[in-house]
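A.B. asks: only the shape, not the letters, is given here:
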């Protein structure tokens, strides 16, 4: 079966549309304390996670984003993480980046490989000019990934979100099309 137009390929992985059968893996990722400690979304049950599955469909349908399931090439049915963009503002050609991986796949270069491929598509095929990323202050792995991808640190968003009832600061990063061309 040929890949759909929404499927992207890296050397080791496929980025394919997220489907309803991915619900257990999305729940596994977005309920794992190691993942959600620095992630803005978490769920306590499979039923609650359906909200996230609806969100993936809604943002693609309304044009405000697109996310992909990250899968090993030899196991396209096995979702090990996700990456994508959301909060697209078409008039200003900007979007926000997000990604997560199940912990057993950390430190293997998977996020770099997949996010880099996804960003190429976002800039070239979706005509996005600026991609932003907000990162928890205590997330050096994400900071390192973004810097390796060519993102620039713009500053700190003070008290930008509330987590566990307390305001937290987020680091703001961006990558623009001109950076990639340089």
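C.D. replies: Structure received. Computed from a predicted model, the values in this text were never measured in an experiment.

A.B. asks: how close does the nearest residue to residue 85 once chain neighbours are set aside get to residue 122?
C.D. replies: In this structure, residue 85 finds its nearest non-sequential neighbour in residue 95, 3.8 Å apart by C-beta to C-beta, 6 or more residues apart in numbering. All C-beta spots, glycine's among them, are computed from the backbone N, C-alpha and C. As judged by C-beta to C-beta, to the nearest Å, residue 95 and residue 122 stand 7 Å apart.

A.B. asks: what's the overlap in contacts for the two?
C.D. replies: Jointly contacting residue 95 and residue 122 under the rule C-beta atoms under 8 Å, 6 or more residues apart in numbering are 85, 128, 131.

A.B. asks: just put those residues in JSON lines and tack on pLDDT and distance to residue 76.
C.D. replies: Putting those into JSON lines (pLDDT from 0 to 100; distance: C-beta to C-beta, whole Å) gives the following:
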{"residue": "85", "pLDDT": "98", "distance to residue 76": "22"}
{"residue": "128", "pLDDT": "97", "distance to residue 76": "26"}
{"residue": "131", "pLDDT": "98", "distance to residue 76": "26"}
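
A.B. asks: among those, which one sits closest to residue 140?
C.D. replies: Using C-beta to C-beta, residue 131 is the member of those that sits closest to residue 140, with 20.3 Å.
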